[in-house]
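>>> Quick one, fold the following:
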Amino acid sequence: MGVTIRDVARLAGVAVSTASLALNNKKRVSDATRKKVIEAARKLNYYPSSIARRFALNKTHTIALCAFISRDRPLGGFYMPVIQGIIDTVSANDYSFQLDIKGEYLNSSTKREILTRLARHRMVDGLLILSHWPLQVKEVLDLEQMNFPYVVVDGHISGINANCVEMDNFAGAVKMVEYLIGLGHRKIGFVTGPSNQQSSIERIRGYQEALRKNSIDYDKDLVYTGDFHKKSGREGIKYLLSLPSPPSAVFFANDNMAIAAMKVIKEKGLKIPDDISIAGFDDIEAASQIDPPLTTVRQPLYRMGEEAAKLLFHLLNSKEDKPQRILLDTELVIRESCKEYRS
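Residues are numbered from 1 along each chain as shown. Sure thing, here's the model as predicted:
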């Protein structure tokens, strides 16, 4: 006899009605309870529909990358190496690749519909999901219920153990700030990314942790909330330079903002790094081409795409159901935009 919703409810320690509500994403169920029910369904390989049971019968030999990307953040620079890593790995496995880009903000219901349609109609064998905005449990609820193979790229989903590949943004930020401290900088400005994006949150935490480890007080006046776009890099440096006592170094949460800020600094007649040290994060191609070349944190973007695709193929070819979180190391790239500070 197959697994039923009663078995799921029993394992999760909830009533059958509660399990049903959780699996159907009803608001009357708490996030904690929904998580327990989803995990129970996953452990039992519970399939709520006859469509899901038929999944194993057909293969398309195609995987898709569904990318929810802001129109303001172009594909080049950050995203293209990730996508290339995916494409090369897919080709090496004799699979076809489908790229589905959504360039505007979508609500959770719409995201869920898009992902579910790809899975339910058996359009692809597995999904890679890349999102500029944080993913939520309810957006992948149908994928979980159908036990459909998917991997989150450059992020994770809070509240559920999903397969994912992401950067160690926290450690990368710690490395950079400690490098600046090692050069003698004690007043270090920080222009953040968006406050609702996981990678940005981790970089903020890393900045704070490096200060704490080196007995430097956190000063909120030295932090400007940016959004990864060039405009916020320009506005951020203008704000920091306007302070009564400006920082001697500024760390930007990505290279785009840092490069935009460097142009503003030059327009003000200041020299980098003689008057102020500048550091970024990502190591996009332009970081090595600007004058002076930008000190930054290198993310292995191609490898992230490669590892995400490899993990998805592992899911397609293995019965292992324990989710994996792959955390990739970053590397400090020392160039010419920072120098030793002497007060």
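>>> For Phe68, what are phi and psi?
phi -100, psi 100 (degrees, to the nearest 10).
>>> Which residue is the nearest non-sequential neighbour of it?
Nearest non-adjacent residue to Phe68, counting by Cβ to Cβ, 6 or more residues apart in numbering: Ser131, 4.2 Å away. Every C-beta, even on glycine, is put in place using the N, C-alpha and C of the backbone.
>>> correct me, but the one you found touches Gly155?
Yes - using Cβ atoms under 8 Å, Ser131 is in contact with Gly155, at 6.5 Å.
>>> secondary structure element for Ser17?
Assigned by DSSP states H and E, Ser17 belongs to helix 16-23.
>>> Kindly export that helix (C-alpha atoms) in PDB.
This file holds the C-alpha atoms of helix 16-23, laid out as PDB (Å, rounded to 0.1, in the frame of the first residue of the first chain):
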ATOM      1  CA  VAL A  16      -4.500  14.900   8.900                       C
ATOM      2  CA  SER A  17      -6.400  18.100   8.300                       C
ATOM      3  CA  THR A  18      -3.400  20.200   9.300                       C
ATOM      4  CA  ALA A  19      -1.100  18.200   7.000                       C
ATOM      5  CA  SER A  20      -3.500  18.800   4.100                       C
ATOM      6  CA  LEU A  21      -3.600  22.500   4.900                       C
ATOM      7  CA  ALA A  22       0.200  22.700   5.000                       C
ATOM      8  CA  LEU A  23       0.700  20.900   1.700                       C
END
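>>> which helices and strands sit right next to it?
Identification of packing neighbours for helix 16-23 by 3 or more Cβ pairs under 8 Å, 6 or more residues apart in numbering; DSSP states H and E yields helix 5-12, helix 31-43.
>>> Where among those is average confidence lowest?
Least confidently modelled of these is helix 31-43, at a mean of 81 by mean pLDDT.
>>> ok, and what's touching that helix?
Helix 31-43 is contacted from outside by 8-9, 11-14, 18-19, 22-23, 25, 29, 46, 48, 137, 141, 144-145, 147, 159-161, 321, using Cβ atoms under 8 Å, 6 or more residues apart in numbering.
>>> for this protein, where's the lowest mean pLDDT among helices and strands?
helix 50-53 (a mean of 46; mean pLDDT, DSSP states H and E).
>>> Tell me who's in contact with the residue lying closest to Leu99 once chain neighbours are set aside.
Nearest residue to Leu99 in three dimensions, chain neighbours excluded: Leu65, at 5.3 Å (Cβ to Cβ, 6+ apart). By Cβ under 8 Å, 6+ apart, Leu65 lies in contact with 83, 86, 97-100, 127-130, 153.
>>> Backbone dihedrals for Leu65, both of them.
Main-chain torsions, Leu65, degrees, to the nearest 10: phi -100, psi 120.
>>> quick one, helices of the chain?
Here the chain has its helices, by DSSP state H, at 5-12, 16-23, 31-43, 50-53, 79-92, 108-120, 141-145, 169-182, 198-213, 230-241, 255-267, 301-317.
>>> ok, back up a step: so can I have CSV of the contacts of Leu65 showing neighbour count?
Listed next are the contacts of Leu65 as CSV, based on neighbours: other Cβ atoms under 10 Å:
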residue, neighbour count
Ile83, 21
Ile86, 27
Phe97, 18
Gln98, 16
Leu99, 13
Asp100, 15
Leu127, 23
Leu128, 28
Ile129, 26
Leu130, 23
Val153, 26
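>>> With that, I have no additional questions.
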